[in-house]
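A.B. asks: need a structure here:
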Amino acid sequence: MQTRDTRGTVEVDGDVYHWELRRQPRPTSGGRWEGIAVTLRLQDFKREAVVQFPPPLRPNGRPDVEKQFVNVEHVRNAVTAVIEAGWNPTSRGKPVAFDVDAEGR
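C.D. replies: Numbers count the residues shown, from 1 in each chain. All right, here's what the predicted structure looks like:
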């Protein structure tokens, strides 16, 4: 399910995680592109994970520069993936960045 919202919640294994859109796709140096980035936070805790999705591509292989919607199902997949990758949402510290695939895995 895609949403125009820039923030929301997802439930994973009975826990509620808050997500917020941090950035839309943007160009970087060398003609490359970054995809959307979403921050995740377990309810009642402050430790964030920044999940970076790959840039969306058009059928011709060029980056899609249109404003992107957030796919809530992919955010749910990303929560599971970053926890498996070592993110501890109940710990303290700086935000941790993770790269995921287009489906949040």
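A.B. asks: what residues does the strand ranked longest in the chain touch?
C.D. replies: Using DSSP state E, we find that the single longest strand of the chain is strand 15-23. Outside strand 15-23, the residues that touch it by CB atoms under 8 Å, 6 or more residues apart in numbering are 6-11, 34, 36-43, 50, 70, 75, 79, 89. In this view, the C-beta of every residue, glycine as well, is placed from N, C-alpha and C.
A.B. asks: so how far is stretch 41-54 off the chain centroid?
C.D. replies: 8 Å (CA atoms, centre = their mean, to the nearest Å).
A.B. asks: ok, back up a step: pairing partners for the longest strand of the chain, with directions?
C.D. replies: Within its sheet, and counting by DSSP bridges, strand 15-23 is paired with strand 7-12 (antiparallel), strand 37-42 (antiparallel).
A.B. asks: Let's have those strands in a markdown table, adding mean neighbour count, mean pLDDT and distance to Ala85.
C.D. replies: Formatted as a markdown table, those follow (neighbours: other CB atoms under 10 Å; pLDDT from 0 to 100; distance: least, CB to CB, whole Å):
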| stretch | mean neighbour count | mean pLDDT | distance to Ala85 |
| --- | --- | --- | --- |
| strand 7-12 | 14 | 97 | 14 |
| strand 37-42 | 21 | 98 | 12 |
